[in-house]
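Got a predicted model here, sequence first, then my questions.
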Amino acid sequence: MFLSYASQDAEAARRICEVLRAGGIEVWLDQSELRGGDAWDASIKRQISSCALFMPIISKNTQARAEGYFRLEWKLAVDRSHLMANDKAFLVPVVIDGVSEPEARVPEKFREVQWMSLQSGESQPAFTERIVQLLAPARDAPPLAATEVETGTRARPGKPAIAVLPFVNLSGDPDQDYFADGMVEEIVTALSRFEQLFVIARSSSFIYKGRNVDVRQVAKELRVRYVLEGSVRKSGKRVRIACRLIDAAAGTHLWADKFDGTLEDIFDLQDKITANVVGAIEPTVKKAEIERARRKPADNLDAYDLYLRALPLVYAFRPAENLEGLRLLQRSIAIDPHYPAALAYAAWCYEQRIMRGWPRVGSDDVEAAISLARRVLDTGTDDAVALVLAGFVLEAVGRDWDVAVEASRRALRSNAGSGFVSLMASLCMTFAGKPEEGLALAERAMELSPLDPAFFMYLLAGAFAQLFRGRSEEALALAQQSVTRYSEWDTTYWVLVTAYVQLDRLPEARTALSKLLALTPEVTIARLGTQSYRDPASIRMILEAMRKVGLPE
């Protein structure tokens with residue numbers, strides 16, 4: 001809670017603050033919180049942007065003059081209230097000294113809300129109880145995420161929460177604080193684009209700057225499971241960033257790395273480190289969350305847990321696991337019919353079954369896949385993963401290339417820092433007849449997520465783009481790397497066979513075909529001909545290569 005007051009009311013503000021804190025309410029009061037040398041807009045502005053409730057103290061002093069700080073704080077609160085979903089719950093003015101009516105200069109937004117009057121004879125417990133009731137919904141929720149002030153939304157319950165602590169400056173040079181703080185700002189902003197993560201606002205995590213803290217205590221205070229901490233060490237023109245991701249609940253280190261560079265182009269260095277850190281964190285947290293969901297009792301699973309349990313089954317790319325994953329996702333959707341991620345992955349399960357000829361689940365799997373994908377788009381979600389998967393399914397199953405391209409572009413606008421989003425967007429663009437764009441996205445995906453367990457798919461996306469660009473040697477090299485990482489993905493052999501034929505290496509093409517048939521004996525020319533490639537020349541190239549090495553019609 002942020003307490004705003006005129007300087008003449010400082011003593012009244014202190015007494016009110018003590019009452020509220022005694023009632024268990026966290027109050028930000030600049031008398032105790034604002035340190036010497038802190039810039040106003042660097043401290044107070046951050047607090048107003050992330051507090052759960054803004055309480056201005058209205059008195060004769062505020063009526064008599066338009067004091068600078070008090071007015072500026074009001075303006076920030078009003079600006080934020082326009083962006084919040086429930087702004088009236090955010091604004092709670094308190095009147096003291098018998099002031100009866102809001103002055104004409106009070107912002108319209110404040111005149112619309114309920115004002116509280118604090119009389120001198122009113123008991124303190126009664127006042128505190130009313131505030132506690134107002135704050136109850138906010139106190140039960142996690143702290144504001146970095147993007148909540150902009151969107152006015154709260155994260156879906158159950159999402160993993162992560163805090164990025166201020167990086168420690170080990171350089172002995174106070175001037176390097178700006179670089180360390182900027183690094184954290186960039187990482188927080190990038191992580192905030194991941195719909196699957198709940199990222200604590202910088203203003204909350206930066207209260208620990210300059211303090212020796214126990215990560216477990218920090219996690220408890222901020223109500224997060226994961227904490228990223230780091231350090232910056234500068235020597236001459238070189239700088240080293242060290243990062244460590246901790247599962248504070250389990251007390252384990254999940255990931256650590258070091259990044260070296262020069263300060264000649266400091267902003268490029270920040271971008272590079274941010275991309276690497278975020279690319280490592282997202283799949284690492286996802287893996288840890290899946291393990292957590294597996295350990296949870298089966299009778300205590302919510303929509304998010306069911307979704308997590310389904311993910312490794314969906315990525316197995318085998319009929320039995322696919323079906324089991326689909327059943328879990330259907331249970332997740334039954335609990336939350338508007339859960340974009342569960343809807344999108346369920347649609348993708350159907351797409352896998354349809355395009356590979358696996359046994360049908362229902363009477364019309366094609367309609368089920370298309371319906372689920374369209375439901376994702378109808379939610380109006382900004383979940384980049386859900387958007388790009390929905391587009392991919394609508395392209396592969398519904399041959400709706402234009403919608404697929406637009407969904408991919410929406411996903412990239414929402415989160416261009418996700419390797420998986422770039423991967424699926426790459427496939428969408430390549431299959432929609434845009435292999436140049438598809439290749440750039442595949443290369444971006446590989447750069448962003450080198451630790452993704454599904455990295456074989458990233459290599460394959462690049463292979464498809466190169467194949468459809470007419471670069472068979474490059475396509476072959478990428479497909480070979482992909483099959484080395486995961487040899488049971490049948491689609492990889494489509495590229496291998498075609499590239500080998502294009503390069504007139506028929507014996508190797510026949511060997512690749514035999515492996516394809518061992519994985520999917522039911523594959524035929526007719527079945528491959530149903531693949532959704534917008535450019536007829538692309539599918540014709542694959543079919544002609546398959547015929548040349550003996551794939552049955």
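In hand now; what should we look at?

Nearest the middle, which residue of the protein would you pick?
Phe194 (0.9 Å; CA atoms, centre = their mean).

tell me the contacts of it?
Applying CB atoms under 8 Å, 6 or more residues apart in numbering to Phe194 gives the contacts Val278, Glu282, Ala384, Asn415, Gly417, Ser418. All C-beta atoms are positioned from the backbone trio N, CA, C, and that covers glycine.

Would you mind splitting the chain into its domains for me?
For the chain, automatic domain parsing gives the domain ranges 2-140, 151-286.

Could you pull out the strands in this protein for me?
Applying DSSP state E to the chain gives strands spanning 2-4, 54-58, 94-95, 116-117, 161-164, 168-169, 198-199, 226-235, 238-247, 252-262.

hey, which of the ones you listed is tucked in deepest?
Among these, the stretch with the highest mean neighbour count (mean count of other CB atoms under 10 Å) is strand 198-199, at a mean of 29.

That one - what's its average pLDDT?
The predicted model gives strand 198-199 an average pLDDT of 84.

Quick one: distance of that strand to the chain centre.
Strand 198-199 has its C-alpha centroid displaced from the chain centroid by 8 Å (CA atoms, centre = their mean, to the nearest Å).

what do you get for stretch 307-321?
21 Å.

how long is it end to end?
For stretch 307-321, the separation between the terminal residues is 14 Å (CA to CA, to the nearest Å).

what comes into contact with that stretch?
Identification of contacts with stretch 307-321 by CB under 8 Å, 6+ apart yields 286, 289-290, 292-294, 301, 322, 324-326, 328-329, 332, 339, 341-342, 345, 348-349, 352-353, 356, 358-359, 453-454, 488-489.

Only the buried subset of those, as a PyMOL command please.
The buried residues among the contacts of stretch 307-321 can be selected in PyMOL (16 or more other CB atoms under 10 Å) with this line:
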select buried, resi 286+289+290+292+293+301+322+324+325+326+328+329+332+339+341+342+345+348+349+352+353+356+358+454+489
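
in the stretch 451-553 of the chain, which spans are helices?
Listed in chain order, the helices of the stretch 451-553 of the chain (DSSP state H, counting those that start in this stretch) span 455-468, 472-485, 490-502, 506-519, 525-528, 536-548.

what's the spacing between the residue nearest to Ile57 when sequence neighbours are not counted and Ile48?
Nearest residue to Ile57 in three dimensions, chain neighbours excluded: Tyr5, at 4.2 Å (CB to CB, 6 or more residues apart in numbering). As judged by CB to CB, to the nearest Å, Tyr5 and Ile48 stand 14 Å apart.

Over to Glu282?
Distance of Glu282 to Ile48, computed by CB to CB: 30 Å.

Specify which residue of the two has the higher count of neighbours.
Just comparing Glu282 and Ile48: by other CB atoms under 10 Å the higher neighbour count belongs to Glu282, 25 against 22.

doesn't Val421 make contact with the more buried one?
No. In this structure, Glu282 sits apart from Val421 without contact. The criterion is CB atoms under 8 Å, and the distance is 10.2 Å.

contacts for stretch 202-217?
Residues lying outside stretch 202-217 but in contact with it, judged by CB under 8 Å, 6+ apart, are 46-47, 49-50, 143-144, 146, 163-166, 181, 184-185, 188, 218, 222, 227, 229, 246, 248, 251.

Can I get stretch 377-396 in CSV? Just the C-alpha atoms.
The C-alpha atoms that make up stretch 377-396 are tabulated as CSV, following Å, rounded to 0.1, in the frame of the first residue of the first chain:
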residue,chain,number,x,y,z
LEU,A,377,-7.7,-17.1,-31.3
ASP,A,378,-11.2,-16.3,-30.0
THR,A,379,-9.9,-15.8,-26.4
GLY,A,380,-7.9,-12.7,-27.6
THR,A,381,-4.9,-14.1,-25.7
ASP,A,382,-1.4,-12.6,-25.9
ASP,A,383,0.1,-16.1,-25.1
ALA,A,384,2.6,-16.2,-27.8
VAL,A,385,3.0,-20.0,-27.6
ALA,A,386,-0.7,-20.6,-27.8
LEU,A,387,-1.1,-18.2,-30.7
VAL,A,388,1.7,-19.7,-32.8
LEU,A,389,0.5,-23.3,-32.2
ALA,A,390,-3.0,-22.4,-33.1
GLY,A,391,-1.7,-20.8,-36.4
PHE,A,392,0.4,-23.9,-37.1
VAL,A,393,-2.6,-26.2,-36.7
LEU,A,394,-4.9,-24.1,-38.8
GLU,A,395,-2.2,-24.2,-41.5
ALA,A,396,-1.4,-27.9,-41.3
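
Please compute how far it lies from its chain's middle.
Between the mean C-alpha location of stretch 377-396 and the chain-wide mean there is a distance of 15 Å, by CA atoms, centre = their mean.

Below-threshold pLDDT in this protein: ranges please.
Low-confidence regions of the chain, defined here as pLDDT under 70, cover residues 22-24, 30-43, 45-46, 62-69, 79-90, 97-158, 175, 203.

related to what we said a few turns ago, any idea which of the helices of the stretch 451-553 of the chain gets closest to Thr262?
The closest approach between Thr262 and any of the helices of the stretch 451-553 of the chain, judged by CB to CB, belongs to helix 455-468 at 28.6 Å.

if we look at that closest one, which residues are touching it?
The list of residues contacting helix 455-468 from outside it, by CB under 8 Å, 6+ apart, reads 419, 423, 426-427, 430-431, 435-436, 438-439, 441-443, 445-446, 449, 452, 472, 474-476, 478-479, 481-483, 485-486, 489, 491-492, 495, 498-499, 502, 533, 535, 538, 541.

Now which of the residues you listed would you call buried?
Neighbour counting with 16+ other CB under 10 Å marks 419, 423, 426-427, 430-431, 435, 438-439, 441-443, 445-446, 449, 452, 472, 474-476, 478-479, 481-483, 485-486, 489, 491-492, 495, 498-499, 502, 533, 538, 541 as buried within these.

who touches Arg485 in this structure?
For Arg485, the contacting residues are Phe455, Phe456, Leu459, taking CB under 8 Å, 6+ apart as the criterion.

same thing with Ala384?
For Ala384, the set of contacting residues under the criterion of CB under 8 Å, 6+ apart consists of Arg193, Phe194, Glu195, Arg410, Ala411, Leu412, Ser414, Asn415, Ser418, Val421.

Likewise for Glu447?
Contacts here follow CB under 8 Å, 6+ apart; on that basis Glu447 touches Ala275, Gly279, Gly419.

The closest residue to the second one other than its chain neighbours - how many residues pack around it?
Spatial nearest neighbour of Gly279, excluding adjacent residues (CB to CB, 6+ apart): Leu448 at 4.4 Å. Using other CB under 10 Å, Leu448 is surrounded by 23 other residues.
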